[in-house]
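Asks: Sharing a model prediction with you, sequence too.
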Amino acid sequence: MRRKPHVAVIGAGAFGGWTALYLVERGARVTLLDAWGPGNSRASSGGETRIMRGAYGSDQPYTEMAARALKLWVKYERRWKRQFLHRSGVLWMASGGDDTFERGSIEMLRQAKIRFEELSAAEMKKRWPQINFEGIGWGIYEPECGYLDARESCEAVAEAFVALGGEYRQAAAMSDDLESGCSRGVRLSDSSRLQADAYVFACGPWLGKLFPRTIGDLIRPTKQDVFFFGPPAGDDRFDDHQLPVWGDHHRERFRYGIPGRDRRGFKVADDTRGREFDPTDGERLVSSETLADIREYIAFRFPALKCAPLIETRVCQYEQTPDGHFIIDRHPANESVWLLGGGSGHGFKHGPAVGERMAELILKDAEPKSVWQLRRLSPVPKPQGPSS
């Protein structure tokens with residue numbers, strides 16, 4: 001196009017915000033929308049922190065994508081002179097039984113050139129004595145990884161986007177019959193219409209409501225409870241300079257956690273998919289049953305925190321696809337409409353790499369990888385791997 005293409009990006013979370021930023025950097029005219037603001041409490045990209053890791057098991061595209069995202073997080077930290085990535089390291093505890101996920105991750109990490117160490121149980125016990133490694137046979141440690149500031153980085157991306165000339169509007173896209181196309185633009189909650197050359201709907205758990213025929217239940221929002229516990233005063237063994245982010249396949253469930261930092265507690269969550277949840281009107285109250293299970297787990301794996309008080313909770317949601325893979329594809333009936341979502345609990349870390357790729361797909365009129373195309377979801381595959 002001789003003139004600047006106008007792209008509307010609906011959703012200012014990790015996928016939409018970075019997509020909008022890369023588009024405007026590459027010369028497009030971009031309007032970015034969000035119903036409640038970047039990193040808001042209803043969004044899948046809300047909350048304080050997310051894990052940055054490279055281990056994903058075998059035969060998947062995400063370790064390579066994580067390696068690219070790592071470089072991009074560092075690039076923008078330097079450009080903006082702000083820190084979002086905290087390299088506390090990530091520890092994967094492999095049980096003495098099924099360690100398929102960890103074994104499958106090793107070659108993928110090596111190919112992507114993400115640094116890692118294979119550690120014996122004895123080495124882990126020596127390095128992190130505050131963890132009870134009973135039942136753990138060995139581990140993978142990713143020293144260059146750790147965790148990301150979630151809400152803060154979403155806000156920073158939006159600020160950078162506006163500073164480069166992008167237009168941000170706080171408004172929601174209404175669920176008129178978008179399936180039939182956007183020839184008259186998209187109707188917004190303020191009664192205006194937004195007309196553009198191309199549209200990217202990066203609406204997280206709301207994508208199925210906006211596109212009930214094309215997406216519908218292919219994205220299923222699930223309620224996920226997160227807990228923060230308070231270590232004893234003066235005990236810094238559970239801070240991020242003493243303890244890595246960790247993942248643990250324990251008794252057929254996958255739990256993960258992020259060490260404390262900046263006066264926040266010790267974060268723990270169960271990756272098991274929760275019940276279906278309405279991200280707009282759902283009450284964000286944690287389950288007492290999940291809390292009891294998490295307390296029992298902490299008492300076992302982190303004995304010094306057995307009696308630690310619960311100091312904060314959060315309810316977020318996964319936007320789960322049937323196979324855990326993203327959706328990055330054109331609408332099957334509308335070439336100008338792109339559907340971007342299905343983060344499935346593990347998407348946040350990939351935001352910069354997804355945005356970079358999405359911008360290239362739009363501006364070069366390219367095709368996404370088959371693993372992210374909608375056609376793969378018929379018949380419905382089985383979910384695979386931990387999400388965070």
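Replies: The structure has been received and is ready for your questions. Numbers count the residues shown, from 1 in each chain.
Asks: in what helix or strand does the residue lying closest to Lys113 once chain neighbours are set aside lie?
Replies: Once flanking residues are discounted, Lys113 sits nearest to Ala67: 6.4 Å by C-beta to C-beta, 6 or more residues apart in numbering. C-betas here are computed from N, CA, C, even on glycine. Secondary-structure assignment from DSSP states H and E places Ala67 in helix 62-80.
Asks: Can you list the buried residues in that helix?
Replies: Going by neighbour count (16 or more other C-beta atoms under 10 Å), the buried part of helix 62-80 is Tyr62, Thr63, Glu64, Met65, Ala66, Ala67, Arg68, Ala69, Leu70, Leu72, Trp73, Tyr76.
Asks: for those, which one is nearest Arg253?
Replies: Tyr62 (21.3 Å; C-beta to C-beta).
Asks: Just to check, the closest one is in contact with Gly343?
Replies: No: contact criterion C-beta atoms under 8 Å: Tyr62 and Gly343 do not qualify, at 11.3 Å.
Asks: Touching both of these two, which residues are there?
Replies: Counting by C-beta atoms under 8 Å, 6 or more residues apart in numbering, Tyr62 and Gly343 have no contacts in common.
Asks: Let's see the distance spanning stretch 107-125 from one end to the other.
Replies: Chord length of stretch 107-125, first to last residue, is 25 Å (C-alpha to C-alpha, to the nearest Å).
Asks: buried residues in it?
Replies: Quick answer for stretch 107-125 (16+ other C-beta under 10 Å): Met108, Leu109, Ala112, Ile114, Phe116, Leu119, Ala121, Met124.
Asks: How about stretch 228-240?
Replies: Going by 16+ other C-beta under 10 Å, stretch 228-240 has these buried residues: Phe228, Phe229, Gly230, Pro231, Arg237, Phe238, Asp240.
Asks: How confident was the prediction at the closest residue in space to Asn40 that isn't next to it in sequence?
Replies: Leaving aside its sequence neighbours, Asn40 sits nearest to Gly46 (C-beta to C-beta, 6+ apart; 5.6 Å). pLDDT, Gly46: 95.
Asks: returning to that earlier point: now the helix or strand just after the helix holding Ala67: mean pLDDT?
Replies: With elements assigned by DSSP H and E, the helix or strand that comes after helix 62-80 is strand 85-86. Mean pLDDT, strand 85-86: 98.
Asks: And the contacts of strand 85-86?
Replies: Counting by C-beta under 8 Å, 6+ apart, Met52, Leu70, Trp73, Val74, Glu77, Gly146, Tyr147, Leu148, Asp149, Asp240, Arg261 sit against strand 85-86.
Asks: any chance of the residues you listed in CSV, plus pLDDT and distance to Asp323?
Replies: Formatted as CSV, the contacts of strand 85-86 follow (pLDDT from 0 to 100; distance: C-beta to C-beta, whole Å):
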residue, pLDDT, distance to Asp323
Met52, 98, 22
Leu70, 98, 24
Trp73, 98, 26
Val74, 98, 30
Glu77, 98, 32
Gly146, 98, 27
Tyr147, 97, 25
Leu148, 98, 24
Asp149, 97, 29
Asp240, 95, 32
Arg261, 80, 33
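Asks: And for Glu179, the neighbour number?
Replies: 16 (other C-beta atoms under 10 Å).
Asks: how about it, what does it touch?
Replies: Listed by C-beta under 8 Å, 6+ apart, the contact partners of Glu179 are Phe211, Pro212, Arg213, Thr214, His331, Ala333.
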